[in-house]
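A.B. asks: return atomic coordinates for the entry below.
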Amino acid sequence: MSLVITTRRTRRLGAIAMTGALALPLAACGDAAADRNAAANSEVAPVQEVFNPDNLDVPYVPTPNDTVAAMLDLGGLKAGDFVIDLGSGDGRILVAAARRGATGFGVDINPQRIAEANLNARNAGVADKVSFRRQDLFETPIAQASLLTMYLLPEVNLKLRPRILDEMKPGARVVSHAFDMDDWRPDATSANGRVYLWIVPAKVEGAWRITGGGVAGSLALKQKFQEIEGTFAGKPIRKATLRGDRIGFVADTSAGPRQFTGVVAANLITPAKAEGVPLAQAARGWRASRVG
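C.D. replies: Next up is the predicted model:
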């Protein structure tokens, strides 16, 4: 993982080497009519892309190996995770993840870094688990990631933030080295304050109808990232939490206060076991359907 390797959007593919007819000197024209006919019948050489490191917005800065370990630890990496590394540099974060049983891919705009990363994966014996490709990170699909790793810049994080929230699955994790995502508060931070973790929250804002288990009423939720508040049957809910696809809150019902704990799946919330809640206080047999 390295500090973002991307180019300015207006010239992100670097310098273009122009070839073909336009490169011919005027002195070589000779007979104008004959040359025009020859030019019309000749094949134009393809435009070739040449990477220009001077066009990079930020220089290559590798993530220290101890920070790589801290990122994977804070991100809760486990065997079977699919990791996408944006700005993958020499590939060290994915190689380390693969050694723990993960798979995935990394993207970088610098072909030298891609070649180096793929070589490092082969040398580590994990080339069958991870790969690296030259690709614009802003155009890289991220929905498949259970863990997304980044060492970018604040403005790049903010540009990616809407895609993270819209495309990644609730419960997926995002880990960033050095830079946060402004007013999206991290769910956890490393001891040295240099690594941040976010859990992608489910989208729960709106109107819901709770039924079953002797409970019926309207639930209205407001949401700012993982922070939620709302009302049930017109009364404020309490102790509201949202972590990935898990939601919890206390609401006053006709039978007294009840702890609602559930799993969000699109337009439905189904009950889940409430850890540490006395059975008499836990709502049971209920479900919530989105109605607006």
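
A.B. asks: relative to W208, how far out is Q223?
C.D. replies: Applying CB to CB, to the nearest Å, the value for Q223 to W208 is 12 Å. (Glycine included, C-beta is placed from N, CA and C.)

A.B. asks: next one: stretch 268-276 to chain centre, how far?
C.D. replies: 27 Å (CA atoms, centre = their mean, to the nearest Å).

A.B. asks: err, stretch 204-220, not the other one
C.D. replies: 31 Å.

A.B. asks: go ahead and name everything in contact with it.
C.D. replies: 221-223, 228, 230-234, 237, 242, 247, 251, 253-255, 258, 260, 264, 269, 283-292 (CB atoms under 8 Å, 6 or more residues apart in numbering).

A.B. asks: Q223 and W208: which is more packed in?
C.D. replies: W208 (21 against 17; other CB atoms under 10 Å).

A.B. asks: give the buried residues for the host helix or strand of the more buried one.
C.D. replies: Using DSSP states H and E, W208 maps to strand 206-211. Neighbour-count burial for strand 206-211 flags 208, 210 (criterion: 16 or more other CB atoms under 10 Å).

A.B. asks: mean confidence score for that strand?
C.D. replies: The average pLDDT for strand 206-211 rounds to 98.

A.B. asks: now do the following helix or strand past it against strand 206-211, angle only.
C.D. replies: Using DSSP H and E, the next helix or strand after strand 206-211 towards the C-terminus is strand 217-224. For strand 217-224 against strand 206-211, the angle by axes from the mean of the first three to the mean of the last three CA atoms, to 10 degrees is 150 degrees.

A.B. asks: buried set for strand 217-224?
C.D. replies: 217-221, 223.

A.B. asks: pLDDT averaged over it, what's the number?
C.D. replies: 98.

A.B. asks: all helices of the protein, in order?
C.D. replies: 32-41, 65-74, 92-99, 111-123, 154-167 (DSSP state H).
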